[in-house]
Every structure is written in C-alpha cells, then in structure tokens.
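# let me see the structure of the following:
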Amino acid sequence: MRGWSSWNDRCNETMTRHALDPLLCPRSIAFVGASDRPDSTGAAMLAMCRIDGFDGVVYAVNPRLSELNGAPCYPDLAALPAVPDHVVIGVASRYVEAVLDQAIDLGIKAATIFASCYLDEGAGDNAGRPSLPARITAKAAAAGMALCGANCMGFYTPSAGLRVASAASPPGLQQGGIAWIAQSGSAFGALSHNDRRLGFTLAVSTGMELVTSVADYMDWALDQPQTKVIGLFVETIRDPAGFLAALAKARDAAIPVVALKVGRTAKSAQMAVSHTGAIAGNDAVYEAVFRAYGVHRVTDMDEMAATLALFDTPRKPASGDLGSIHDSGGERELLVDLAEDYGIAFATLEPATCSDLSLHLEPGLVAENPLDAFGTHNDLETRFAAMIATLVNDPNVGIGLFMSNPRDGYAYAESYCTAVIKAAQLTDKPLVLVSNYAMADDRDMAMRLKEAGVPLLRGARNALRAIQHLLNDRDFRDRQLQAQPAATAPSAADDALVRRWRSRLADGRPFDEADGLAMLADFGLATPRMARVGSLAELDDALSELRPPLVIKTAADHAHKSDVGGVRLAITDAAAAHSTYQDMVARLGPRVLVMEMTPPGTELSLGAIHDPGFGAVVILSAGGVMIEFLADRVADLAPLDADAAARLLAELRVSGLLAGHRGQPPADSAAILDQLTRFSHMVAALGDAIAEIDVNPLICSAQGACAVDCLVVPADR
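Sure thing, here's the model as predicted:
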C-alpha cells in the first residue's frame, strides 16, 4: 500500500490539475452523521474510511457526541479546527441541504451524499419550488463543488487507501489498473467486494450524478498513470458531450473502455413514425457511440469481470489469432465449438513450432492448434511450460490460453498453474488460464496467477468473449493508426445545398415521399425517375416521359403505404395505369407518385435518427417488410468514411445475400457503399433539422443501388 505521505505529495502536485482530486484523493475528510451506534451508516463510514490504510485527517461530526472512537467529535462543520477537502454527508434527506449550505459557505470543494434526497415537498408553501435534488445541483455547481451522488454507495480509491462508503464491506481490496464506474450500487459492489482477481485504481457508485457524472470520473481516471482499462455500468448518459470527450480521451490514450449498457427500451419505438425509429429505440444510439469510439460492449457482469481482468494486464496481443492448450480432448472440442460461435479463429502453426511441440508430446498426441497436451503426469510442469511457451510464441499466435479446471489444494492443478506461470516468463504475449467451470474454488490460485500477469478467467464463454474484446481492441487501434486523412471542407455549393434543405425541412409545409427522394438525389444518391400526378391528364403526361415498368404510389400522408394498398408495381401499359390510378383516387385521393421501377435485388434499409445529445446516428438494416421481422441492424455515428461503411455493411447478416445467391449475380458493392456514405454525410450535414429518416427499400443489384422510397420526419414535425 502506498504510504500517505507520498499520496499527500501527489495530491498537492495534482490539486490544480484535476477538479476531482478533492473528491477522490482528499487530504482531509469530515463525516457528518458519524455515529457510535453499531451497524449504522454513521459507524460504517468511519470504519470503512480507515480499513485500507487511509492516513489523512478525519473529522467526525455529530451534535449528539463530543467524542467518538477516542477522538473529538464536532457539532457541525463550522466547529472543525480546519476546513476539510471533502465532506461526507451521511444524514437523512431532510437534513442534507442545511449541511451542504454550510459546506459551501466554508469553501469545501467536494462532497458525497448517500441519501436519496427525495422529499414530499410539492404542496402548500413549497408548490412550484425546485426539488431538493435540483436545489443541490444548482448550489453545488455554482460553488464549483465536485459531488458524488446523491443516492450512491460512495467510492473507493485504493491507491490512497480510501473508502468512502455507506455500508461495511470486507477488507482486501486490490490495487490495479481498473476504473470501475457504475450507475448501479449493486453492480459497484458486485465487482469491488467479491472478485479479488480484480485490482482497481477507482471504484465508484455514481448515484444520481447531480453534479459529477460518469464522464467526469472517466476523465479523472484517464489522468491516473495506473489506469489500464475503464469499466462502465450504464443506465443512461447524463452528459453526452462530456461522455464523448472522455471516450475520445480514452481512445487517444489507448485505454480500452468496456461498457454494460442496460435499460433497452421500447418507449421510443412506440413513439416513432418511421421504420428506422421503430427499430432504433435509444439502444441504437449507444450502439453507434460505442462503435465509433471502440467501446467494448458486454452483456452481463461475468463477461465484464473477465474482460476487465484480461485488459488489466501489461501485455497486449500481437498480430495473429488464438492459440490454445488443453488437458482434455473433450474440452478442447467444446472450446472449438464455442470459438466458432463467436467467430474467433485459431492460429495456423508454423512447421517449426509443430516440430518443437512434438519433442514434448507423449505418443498418440498431435502437434496442432488447439493442442491436446495431456498424456501422463510424467514431468508435468516442465513439459506443460515448454509446450505452452512454444505454442504462444508462434508468430501466427496473438494470444494464448491454457484451459483446465483449476481448484486450490489439488496437486495436479497446482502443477499446471506453476507451468503456466513459468511459460509466462518465456513470452511477452498475453497468456490466460481458463476455467471451463466458473464455480471452482480457485481464489488462491487466481491471486498467484495475477501476480505473474496471467489472469484466471472463469467460464469458457466468458473467457472467449473477453479474448474477442481484446483482439477487437487491437484491431481497432490498428485501424486508428491507418485512418485516412479527414475529408476536405465542404464547398460553398455544398453549404448552399445544406442551407436550402434545412430551410425546406423547417418551413412547416408537408414533406412527402417525393420531397424525400428529391433531397436524396440532390445529395448524390441514386433514385428512380418520377413524376407527381394529381389528375388523369397529368398521369398521361407522366406516362409519355417515363419508361415502363412503372410503380404508382399514393402521395397521401401514410407512413407505411403498402399497409393501405397504396403501392402497385409492374405497371406496363396505359390501361393498367389508368385503372390503378382510378382505384387509388377512390380509396386514397387523387395525388400519386409515378416512378420507373427499379430492377429487383436484395433490399436494405438506410435509416437515421438525430439524438439531441449524440447527434446523427445511421442505422443499416434488412430492408422491405423484413425490417420489422429480422433483428438485423447495425448503427454508427454519422458521417462514415468508406472503411467504416464497409465494416458496417459486413456486419449485417443479410449482407451475405449481396454476394450472389441461388443464381443471382453479386450486387454492386461499390454502389451500395457509395449510397451509404453519401447518406451518412447528408444526415450529418442536416443535423437537428431531421428527427427520423427512413430509406426503405434500397434495392441492391448488379446494376447498382437505388433508393425507391423515402420517409422524412422533420424535427419540428
């Protein structure tokens, strides 16, 4: 544990460097509500503060007591002998504001509030008054006070030996490179209290984030030299601009960010007008943000723990694929099956590697990857160490794993654990030990491995997902290094085009499909030739200009025209056109759109929504009627360059149809990517003038890619 004097020196050096230093590494703390009552919050606060060796100045504040634990106890903050850096407000909600006011008057720069701060104060003399949380936010922000909470469980800064906590928790918190920032108090405690494989530079329960947000904690953690990875448990982001800035800072510092985003909602889908809005919800926005900044999204806490443990190692994967060593043929087959599910490739070994492996394999075993290495217990540690190091050091291997079922006190497990540690000393590549069963009693072994820089990952799926995140992070960093220069500034003509369409979107007139297709065409997207028709005479004029086969669509205000019988395809002559038109007039009114029919092909959908915090989000999905039935969509922040567009398209499951299927020729992929990139630049340029836009379908064939339907929802709709 770092001594207080060195930490105190560090805080002095960095006090002006980061606004959160008084909050997260204070030199002195006052605990308001400190108590001598067993099992109370007030007693837990003081006990937890010292449990990891915090040597700073601690003041107890409680008007009921004059002494507590052999030290003076003060009636209020004003009675303290010196102004502390940080005040922990551990009293009930009805007392919080008075304590905060006193702290602000004294110039205290940081506070933690455990209480929920919800009061029944909306009636009588309080009617119309801002709520207590709103008042706290306004006062603390005006005073420049950093604030953890309210309604939080506190935070731990292990390098300072400090826990600010509302409840007792076990000792043994490990220092390390993980910054764990959780909007759920339970998630905060799940990792920091239970998993001793994990070492932290910061663990914080953010609570209501009345002043200090996830983005602020990220920014502080990124300034700490020991931080190697940031883990986030996120319900919602309250400071989008700050969050994007923190993600950019993490990206530039090559610090991976791992996020568990919860609270996927159908509410926004219920409110949406377009297909795009319906399939997006708010989750597509986070998907787009995470993709754009290389955030690793995990699905549960087990995957989070495994991924954080793997990233919190000094070793980064080399170019190459997975190498794995097993002591069981059956479990080797299991890993192969699971790896295929996740798209993880096994490295092809060089002949020299196979020759070297053969020297240590017993009869009947084959030198290959994945490697079944167990024959007998003969010279187990030496053989296993040699085989592990040999396989991992193959130039085609980027990361290695040894898979078994470790448990403390089992001689065989202790032997291969020692072998893995020896092998780690013979390679600079990442090496992990993977337990096939997550419930084994392996805590002591996990700590031995951790000290050797080898994480023990529990559960095959968790381990493979963590390895996938590590390899994806490597690939993301490589793409960042190879990124193309930014596009040149738009021309005056481009600016004029954007201004014209923003004005049209905002002028209050109906914005129909023809307007949408015209807008797409102006921004360089391919659309069919078409004409607006409001009478039989105008229909005849259109028929003389357009080449059959034709499509006739109602121009009435229906979001999904096929649902009301408002679309007729493959019209080849005037008689059929007249008949179709007269039918639509009778049912849907005289205004229709007549357009040339695009050759058949695979149908995709280009969509976009504008998020007030994060900006324009592009959503690519299966098109036509399948958009609502296939959970097949990908999202990214606009605009996209050609490489980002290609990656987005490749991730769409139905994109496999574009390569040609059952005799159909391959679609023109260059044309599809051109449409996608142009679309993304259009929606980025139009920005908040558009709420939703839905191009469905985009018909993709060997002849190109053509947008044949467009629904635009202006922002002021």
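
# contacts and neighbour counts: CA atoms only from here.
Noted.

# tell me the contacts of Asn436?
Neighbouring residues of Asn436 by Cα atoms under 8 Å, 6 or more residues apart in numbering: Glu331, Met403, Ser404, Asn405, Arg458, Gly459, Ala460.

# any chance of these in TSV, plus neighbour count?
TSV is the format used below for the contacts of Asn436 (neighbours: other Cα atoms under 10 Å):
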residue	neighbour count
Glu331	16
Met403	24
Ser404	21
Asn405	18
Arg458	24
Gly459	20
Ala460	21
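
# out of the residues you listed, which are inside strands?
Met403, Ser404, Arg458 (DSSP state E).

# let me know the pLDDT of the first one.
On the pLDDT scale, Met403 is placed at 95.

# nearest residue to it in space, please, no chain neighbours.
Take Met403 and drop its neighbours on the chain: the residue closest to it by Cα to Cα, 6 or more residues apart in numbering is Val434, 4.7 Å away.

# now the one you found, which residues is it bridged with?
Counting by DSSP bridges, Val434 is bridged to Met403, Leu457.

# quick one: it from Ala521, how far?
Noted for Val434: a distance of 54 Å to Ala521, by Cα to Cα, to the nearest Å.

# more crowded one of the two?
Applying other Cα atoms under 10 Å to Val434 and Ala521 shows that Val434 carries more neighbours, namely 25 against 14.

# ok, the more buried one - contacts?
Per Cα under 8 Å, 6+ apart, neighbours of Val434: Leu401, Phe402, Met403, Ser404, Asn405, Leu456, Leu457, Arg458, Gly459, Ala460, Ala463.

# identify, from those, the entry nearest to Glu538.
Ala463 (65.8 Å; Cα to Cα).

# can you tell me the closest non-neighbouring residue to the closest one?
Leu457 (5.5 Å).

# what about the one you found, how many residues close to it?
Neighbours around Leu457, by other Cα under 10 Å: 30.

# now do Met304
24.

# which strands and helices sit next to the longest strand anywhere in the chain?
Longest strand of the chain, by residue count under DSSP E: strand 690-701. For strand 690-701, the helices and strands in contact under the criterion 3 or more Cα pairs under 8 Å, 6 or more residues apart in numbering; DSSP states H and E are helix 275-280, strand 602-611, strand 704-707, strand 710-714.

# what segments of the stretch 151-300 of the chain are strands?
154-157, 162-165, 174-182, 199-205, 229-234, 257-261, 296-297 (DSSP state E, counting those that start in this stretch).

# ok, Leu308 - contacts?
Here Leu308 is in contact with Ile178, Leu198, Val229, Ile230, Gly231, Val258 (Cα under 8 Å, 6+ apart).

# just the buried residues of the longest helix along the chain, please?
Taking DSSP state H as the assignment, the helix of the chain that covers the most residues is helix 460-481. Neighbour-count burial for helix 460-481 flags 460-471, 473-474, 476-477 (criterion: 16 or more other Cα atoms under 10 Å).

# do stretch 578-598 as well
580-582, 584, 588, 590-598.

# mind putting the residues you listed into JSON lines with pLDDT, secondary structure and distance to Leu335?
JSON lines is the format used below for the buried residues of stretch 578-598 (pLDDT from 0 to 100; DSSP: H, G, I helix; E, B strand; the rest coil; distance: Cα to Cα, whole Å):
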{"residue": "Thr580", "pLDDT": "95", "secondary structure": "helix", "distance to Leu335": "59"}
{"residue": "Tyr581", "pLDDT": "95", "secondary structure": "helix", "distance to Leu335": "61"}
{"residue": "Gln582", "pLDDT": "95", "secondary structure": "helix", "distance to Leu335": "64"}
{"residue": "Met584", "pLDDT": "93", "secondary structure": "helix", "distance to Leu335": "59"}
{"residue": "Leu588", "pLDDT": "92", "secondary structure": "helix", "distance to Leu335": "59"}
{"residue": "Pro590", "pLDDT": "93", "secondary structure": "coil", "distance to Leu335": "63"}
{"residue": "Arg591", "pLDDT": "93", "secondary structure": "coil", "distance to Leu335": "61"}
{"residue": "Val592", "pLDDT": "94", "secondary structure": "strand", "distance to Leu335": "58"}
{"residue": "Leu593", "pLDDT": "94", "secondary structure": "strand", "distance to Leu335": "56"}
{"residue": "Val594", "pLDDT": "96", "secondary structure": "strand", "distance to Leu335": "56"}
{"residue": "Met595", "pLDDT": "95", "secondary structure": "strand", "distance to Leu335": "54"}
{"residue": "Glu596", "pLDDT": "96", "secondary structure": "strand", "distance to Leu335": "53"}
{"residue": "Met597", "pLDDT": "95", "secondary structure": "coil", "distance to Leu335": "50"}
{"residue": "Thr598", "pLDDT": "94", "secondary structure": "coil", "distance to Leu335": "47"}
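
# okay, these in JSON lines with distance to Ala248 next?
Shown next, in JSON lines, are the buried residues of stretch 578-598 (distance: Cα to Cα, whole Å):
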{"residue": "Thr580", "distance to Ala248": "55"}
{"residue": "Tyr581", "distance to Ala248": "55"}
{"residue": "Gln582", "distance to Ala248": "58"}
{"residue": "Met584", "distance to Ala248": "53"}
{"residue": "Leu588", "distance to Ala248": "51"}
{"residue": "Pro590", "distance to Ala248": "53"}
{"residue": "Arg591", "distance to Ala248": "49"}
{"residue": "Val592", "distance to Ala248": "48"}
{"residue": "Leu593", "distance to Ala248": "46"}
{"residue": "Val594", "distance to Ala248": "47"}
{"residue": "Met595", "distance to Ala248": "45"}
{"residue": "Glu596", "distance to Ala248": "46"}
{"residue": "Met597", "distance to Ala248": "45"}
{"residue": "Thr598", "distance to Ala248": "42"}
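
# can you pull out the helices in the stretch 1-150 of the chain?
4-14, 21-24, 41-50, 93-106, 132-143 (DSSP state H, counting those that start in this stretch).

# which one of those lies nearest to Ala493?
helix 132-143 (43.8 Å).

# for that closest one, packing partners?
Packed next to helix 132-143, using 3+ Cα pairs under 8 Å, 6+ apart, are helix 93-106.

# low-confidence stretches in this structure?
For the chain, applying pLDDT under 70 flags the ranges 1-16, 122-128, 264-281, 484-490, 559, 624-630, 662, 717.

# could you chop it up by domain?
With domains defined by automatic domain parsing, the chain comprises 4-309, 325-449, 529-597, 602-714.

# nearest to Ser503, of those?
For the domains of the chain, proximity to Ser503 was assessed by Cα to Cα; domain 602-714 is nearest, at 8.5 Å.

# measure how far the closest one is from the centre of its chain, please.
In this view, domain 602-714 has its centroid 22 Å away from the chain centroid, taken as Cα atoms, centre = their mean, to the nearest Å.
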